[in-house]
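K.L.:
Need coordinates for the following:
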Amino acid sequence: MHPVLVKVGPIIIRYYGLMYVIAISLGFFLFSREARRRRLPLSTEDQFDLLLWVIPVALIGARLYYVAFQWGYYGRHLVDIVKLWQGGLAIHGGVIGGVLATLVYSRVKRVRFWAITDSLCPSLILGQAIGRIGNLTNGDAFGLPTTLPWGLRFPSESPAGQAFPGQATHPSMIYEMLLNLMVFAFLWGWARKRGFRDGFITAMYFILYALARSLVSFTRADSLWLKIGGTPVRAAHVASALSILGFGVFILWGRLYRRDPPRSSPPGRIDAPADRS
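P.N.:
Predicted structure coming up:
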């Protein structure tokens with residue numbers, strides 16, 4: 001487990017960055033395929049535009065979210081804020097940034113927001129799974145010490161090795177990767193072709209990922225923390241609880257579990273509202 005894939009003079013290719021390239025490329029391919037299947041009014045150029053909107057904003061959101069919770073360190077090391085290759089991207093911040101960028105994009109292109117996000121979410125969860133391979137090689141997103149036979153010992157220079165030198169830790173990144181793949185299998189292999197109403201796939205992504213992340217967070221050693229009533233609580237558990245509650249209500253309130261009726265106007269357009277009766 002080493003973060004560097006290739007080093008030729010000053011040129012360094014890291015596994016962390018490579019995983020992002022693979023995740024983005026594969027995610028775009030699946031999104032494009034799903035957008036065509038749903039007959040969304042987005043050309044290939046429009047889809048690339050969405051990529052250029054969402055990815056930078058999501059990365060900035062993920063970094064700022066992480067930095068905000070670790071300000072005690074980054075406030076004294078401002079230069080380190082831009083060192084993304086060292087890890088330190090919080091998925092919750094990335095999702096918030098990506099959602100905001102997609103919302104603005106959907107308004108500009110006049111395509112229904114939920115139609116876009118339903119097409120994106122299977123790609124997103126698969127990308128998250130691939131990204132965990134980068135965490136594994138980097139030694140970040142690491143777990144607590146364990147005596148279980150599948151515990152991993154990371155190199156001493158890695159974040160996990162520095163936190164727990166010589167100790168085996170839970171492979172939390174692998175746990176999450178496997179759970180994310182299960183969520184992807186549900187969304188891509190079953191739910192997306194059932195004709196549920198706009199927003200169902202998105203809501204199920206948030207609910208299922210929240211459940212997966214909550215379980216994995218019990219083994220994480222690098223969790224971000226909040227204080228609620230003076231009691232430390234994992235930020236991931238708070239965000240997950242809000243996601244499960246909020247999107248559970250969203251599904252029930254919008255009756256998203258029902259099949260979407262045929263539309264008389266072009267699919268995906270804002271001026272083509274679904275019948276919610």
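
K.L.:
Need the residues that contact stretch 21-29.
P.N.:
47-48, 51, 55, 123-124, 126-128, 130-131 (Cβ atoms under 8 Å, 6 or more residues apart in numbering). (Glycine included, C-beta is placed from N, CA and C.)

K.L.:
Pull up the per-residue confidence for F29.
P.N.:
Per-residue pLDDT puts F29 at 95.

K.L.:
ignore the last one, I91
P.N.:
80.

K.L.:
Could you measure from it over to W225?
P.N.:
16 Å (Cβ to Cβ, to the nearest Å).

K.L.:
More neighbours: those two, which one.
P.N.:
I91 (22 against 12; other Cβ atoms under 10 Å).

K.L.:
ok, which stretches of the stretch 51-200 of the chain are helices?
P.N.:
71-74, 91-109, 113-138, 159-163, 172-189, 200-217 (DSSP state H, counting those that start in this stretch).

K.L.:
most packed of those helices?
P.N.:
helix 113-138 (a mean of 23; mean count of other Cβ atoms under 10 Å).

K.L.:
what separates that one from the chain centre, distance-wise?
P.N.:
5 Å (Cα atoms, centre = their mean, to the nearest Å).

K.L.:
Return the mean pLDDT over that helix, rounded to an integer.
P.N.:
94.

K.L.:
Mind giving me the packing neighbours of that helix?
P.N.:
With contacts taken as 3 or more Cβ pairs under 8 Å, 6 or more residues apart in numbering; DSSP states H and E, helix 113-138 sits against helix 15-37, helix 91-109, helix 172-189, helix 200-217.

K.L.:
would you list these in CSV and tack on distance to G161?
P.N.:
Output for these, formatted as CSV (distance: least, Cβ to Cβ, whole Å):
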stretch, distance to G161
helix 15-37, 16
helix 91-109, 23
helix 172-189, 14
helix 200-217, 20
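
K.L.:
and L84, which of those is closest to it?
P.N.:
With Cβ to Cβ as the measure, helix 15-37 is the member of the helices and strands packed on helix 113-138 nearest L84 (8.3 Å).

K.L.:
Apart from its neighbours in sequence, what residue is nearest L103?
P.N.:
Nearest residue to L103, sequence neighbours excluded (Cβ to Cβ, 6 or more residues apart in numbering): F113, at 5.8 Å.

K.L.:
Check the gap between that neighbour and I96 for me.
P.N.:
Taking Cβ to Cβ, one finds F113 at 15 Å from I96.

K.L.:
shouldn't A239 be in contact with G94?
P.N.:
No - assessed by Cβ atoms under 8 Å, A239 is found out of contact with G94, at 12.0 Å.

K.L.:
Give me the distance between Y65 and W225.
P.N.:
13 Å.

K.L.:
and A235, which of the helices of the stretch 51-200 of the chain is closest to it?
P.N.:
Here helix 91-109 is closest among these (Cβ to Cβ), at 7.4 Å.

K.L.:
For the closest one, name the packing helices and strands.
P.N.:
Checking 3+ Cβ pairs under 8 Å, 6+ apart, helix 91-109 ends up next to helix 44-69, helix 113-138, helix 235-254.

K.L.:
which residues does the nearest residue to Y74 once chain neighbours are set aside contact?
P.N.:
Nearest residue to Y74, sequence neighbours excluded (Cβ to Cβ, 6+ apart): V67, at 4.8 Å. Under the criterion of Cβ under 8 Å, 6+ apart, the neighbours of V67 are 74, 81, 88.
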